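Q: 3D, please:
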Amino acid sequence: MTASHMTGRRQLLRQGAAALAVSTVGKTAFADEFGYVDAHSHLWSSDRTDYPLARGAKEEDVQPKSFGIGEFFEVTRPEGVTRVVGIGHNVHFGTDARYLVDLMKARPGQVAVQAYVDLNADPTKQMADLKAQGVAAFRVVLLDPWKDYLPESHPIFRAYEFAGMQRLVVCPLTNASWLAQLDRLSQTFPATTVVIDHFARIGIEGFLQQPPVPSEINPQDVANLVKLARHPLVNVKISAYYALGHHTPPYDDMIPFIKQLIQAYGPERLMWGSDSPYQLAPGQGYRASIALIRDRLDVTVPDREWLLRKTAERVYFS
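A: Residues are numbered from 1 along each chain as shown. The predicted structure follows:
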């Protein structure tokens, strides 16, 4: 998610920042042995000396003041989650991934990084610099209103090309209107591994209204996302339930959508993520997010392991 709809989330987080603890739930044997992977959580420190805010960012807008690795695991370990993909948070920190890189180095095998790349600067230089620090996955934001055909001069082409050549991962945060262009990009650069964040935000329209209202999942948008499954290196994060569809636990309205994606992509190319700490807003909760896949989705145990662990493990930790 980006600054365009941070206001509503800040209001929610101010109400719920103190309610980060989640009660214990029994783990499965798989979780006890291997640990689930949260493929999408923003993490940041309260230390503004080593990890300062980006120019123009305001301290009063950072809610909660920190969501560090300790706070994350306090919430997630009772649910069987023991690894995380930390996401670059451009709203507060721009392209500065130092906190995430330091976490990754301090906790190898436990923390992976998806760093933010600014497409208004040279994306290949940013990716090369971060690759030298051990980062292999990069978030690109494509949320501008769709107007016309995407020219090949757009920097996203350089990002895709460089990622394919360097065996890196491109992770678009995008809207459904961009899916045709993502299809074109993967056709142009078939060697590039892609992870589409948050179902391409299909079903977010109602959440962005003030006050938020439920949204229906548009079948044509789903069909366009399903079409991208023809590219073997395209993966999708089934994440951010607090903001999509009816955006109300237990999120059962998302199940038909998820099953369509399982049929198209297979569980091996889908991965669950919470989008914490925003998933922790009042009326939502971490348990509700993971429970949709762990407890409520009717899939086989091996398929569930792909959704909750093995896909993210393959893409981010291998």
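Q: what does the average pLDDT come to for the helix or strand Glu71 falls within?
A: Assigned by DSSP states H and E, Glu71 belongs to helix 69-76. For helix 69-76, the mean per-residue pLDDT is 97.
Q: what residues are up against the most centrally placed residue in the chain?
A: The residue lying closest to the centre of the chain (C-alpha atoms, centre = their mean) is His40, at 3.9 Å. Counting by C-beta atoms under 8 Å, 6 or more residues apart in numbering, His40 touches Val85, Ile87, Gln114, Asp197, His198, Lys237, Ser239, Ala240, Gly273, Ser274, Asp275. Placement of C-beta: from N, CA and C, glycine included.
Q: Name the nearest of the residues you listed relative to Pro172.
A: When the contacts of His40 are ranked by distance to Pro172 (C-beta to C-beta), Asp197 comes first, at 6.7 Å.
Q: buried subset of the contacts of His40?
A: Using 16 or more other C-beta atoms under 10 Å as the burial test, the contacts of His40 include Val85, Ile87, Gln114, Asp197, His198, Lys237, Ser239, Ala240, Gly273, Ser274, Asp275 as buried.
Q: ok so, going back, how about the contacts of His40 in TSV, adding pLDDT?
A: Shown next, in TSV, are these (pLDDT from 0 to 100):
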residue	pLDDT
Val85	98
Ile87	97
Gln114	98
Asp197	98
His198	98
Lys237	98
Ser239	98
Ala240	98
Gly273	98
Ser274	98
Asp275	98
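Q: Please, which helix or strand holds Ala264?
A: Assigned by DSSP H and E, Ala264 belongs to helix 255-265.
Q: Can you name every helix or strand that that helix contacts?
A: helix 219-227, strand 234-239, strand 270-273 (3 or more C-beta pairs under 8 Å, 6 or more residues apart in numbering; DSSP states H and E).
Q: Would you mark the buried spots in that helix?
A: The neighbour-count check on helix 255-265 (16+ other C-beta under 10 Å) flags Ile255, Phe257, Ile258, Gln260, Leu261, Ile262, Ala264, Tyr265 as buried.
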